[in-house]
Each structure stands twice: as structure tokens, then as C-alpha cells.
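Colleague: The following comprises the amino acid sequence and a computationally predicted model.
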Amino acid sequence: MADGHTITIEQGTRRIRVVHGDQVLAESERPLLLRETGCPVRYYIPAEDVRLDLLTPSETHTYCPFKGTASYWSLPDAADLVWAYPEPKPDVAEIKDHLCFYDVEEVG
């Protein structure tokens, strides 16, 4: 990647859970851990492990020169809580069909 910027993706080995209020939004034993220069570790969770029925697509889109264009989803009381890269750049192709949340808890 350009100018010393690196992204590494590895298969997580710990069970993770995403909770908002009293609702479990996601639980997975197979998250991807994405480490990016200058950013905290992010967990990308397979879509089938996320309660998509609770989330509403947002109008928000952001662009990352390393990952591509992100789409966002919201809860009624939490805007743009989760994002994904529907068409990620080739270097990070593994994160396709995975969603990422700001707050993730390791549970095992």
C-alpha cells in the first residue's frame, strides 16, 4: 500500500458479540480482523451472523482509497452504526459480504 500504509486481514479465533442497548446485533465465531495503519483493529463479521432485520440502510457513503466505497446501516437511535464495503478493492477482497461495527466485545 502507498506511503507505508498497510492493511492486514486475518481470521479471528475468538467469539465476538455486538450489543446495542439490550439487543444483540451480531454474534460470530468467524470474524475477520482488519488492521490498518493509524486505525484501531476492526472486526468484519459475516453478513449471515448479523441481525440485518434490525438495521435500516442509510444514505451515508464514505470513500477509502484503500478499501473502496462503504455503505452504512442505522438503528432508530444510532445513525450509521455499521458499515460494509459491497465492492471492496482487490487488496481487501476478503471483507466483501462482511459488516463492521464501532463497538465489538470479545466473549470467548
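Modeller: Sure, I can see it.

Colleague: all helices for the chain, in order.
Modeller: With DSSP state H as the definition, the chain shows no helices.

Colleague: Pass me the low-pLDDT residue ranges in it, would you?
Modeller: Applying pLDDT under 70 to the chain flags residues 1-2, 108.

Colleague: Report the beta-bridge partners for Ser28.
Modeller: Beta-bridge pairing of Ser28, defined through DSSP bridges, involves Ile16.

Colleague: Could you do Thr69 as well?
Modeller: Using DSSP bridges, the bridge partners assigned to Thr69 are Tyr63.

Colleague: Quick check: it vs Glu10, distance?
Modeller: Computed as C-beta to C-beta, to the nearest Å, the Thr69 to Glu10 distance reads 24 Å. Every C-beta, even on glycine, is put in place using the N, C-alpha and C of the backbone.

Colleague: same check, this time on Thr62
Modeller: With C-beta to C-beta as the criterion, Thr62 and Glu10 are 24 Å apart.

Colleague: residue boundaries of the strands in this protein?
Modeller: 7-11, 16-20, 23-28, 32-36, 42-46, 56-64, 68-75, 78-84, 98-101, 105-106 (DSSP state E).

Colleague: Pick the most buried one from the ones you listed.
Modeller: Stretch with highest mean neighbour count among these: strand 98-101 (a mean of 22; mean count of other C-beta atoms under 10 Å).

Colleague: Which strands and helices lie in contact with that one?
Modeller: Judged by 3 or more C-beta pairs under 8 Å, 6 or more residues apart in numbering; DSSP states H and E, strand 98-101 is in contact with strand 23-28, strand 42-46, strand 78-84.

Colleague: So what pairs up with the residue nearest to Ala84 when sequence neighbours are not counted in the strands?
Modeller: The shortest distance from Ala84 to any non-neighbouring residue, by C-beta to C-beta, 6 or more residues apart in numbering, is to Leu99 (4.6 Å). Beta-bridge pairing for Leu99 (DSSP bridges): Ile45.
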